[in-house]
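In: need coordinates for the following:
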Amino acid sequence: MSFIEVESWEIKPGHQHDHDEIIRKWFSFVGKNHDKLFPEWKSAKYFRQLDSSGNPTGRYIMNFEFHSLGGHDSYKERRKNWDGPYEEYKSVDPYEHFIIESVTVEYWEPLEQDLWLSF
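Out: Here you go, the predicted model:
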């Protein structure tokens, strides 16, 4: 069963352009290195939060879907020191553009997937 990690953040003032650029580089890096560095990942999706009128709130999220909780834990343990092959990954880490105090991390477990609907 999948395991979901949702990270949310706000961007430091004056960092919007650099943030947007590093997010593109991040996706490119992950896409090119998925099999080698991120085999436990099922997907990675990026969103901007809007209010009920469709206006941006200033918050962003990244939704990481792992194949399992065990895969999530294995990946985090392997990457924890940013060494070896993850040293290059650190170069596309977007955190320098985040307001660190605004960062939240939540974990979600999909339920009743046999009832889900796709149209």
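
In: quick one: pLDDT of the residue nearest the centre of the chain?
Out: By C-alpha atoms, centre = their mean, the chain has its centre lying nearest to Met62, at 3.7 Å. pLDDT for Met62: 98.

In: and it, backbone torsions?
Out: Here is the backbone geometry of Met62 (degrees, to the nearest 10): phi -120, psi 130.

In: dump the residue contacts of it.
Out: The neighbourhood of Met62, defined by C-beta atoms under 8 Å, 6 or more residues apart in numbering, consists of 6-8, 44-47. Placement of C-beta: from N, CA and C, glycine included.

In: for the chain, give me the ranges with low pLDDT.
Out: Within the chain, not a single segment meets pLDDT under 70.

In: identify the bridge partners of the residue nearest to the centre of the chain.
Out: In this entry, Met62 is beta-bridged to Glu7, Tyr46, by DSSP bridges.

In: do you know how far it is from His97?
Out: In this view, Met62 and His97 are 13 Å apart by C-beta to C-beta, to the nearest Å.

In: now, of the contacts of Met62, which are buried?
Out: 6, 8, 44 (16 or more other C-beta atoms under 10 Å).

In: turn these into JSON lines, columns for distance to Lys76.
Out: Putting those into JSON lines (distance: C-beta to C-beta, whole Å) gives the following:
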{"residue": "Val6", "distance to Lys76": "15"}
{"residue": "Ser8", "distance to Lys76": "18"}
{"residue": "Ala44", "distance to Lys76": "15"}
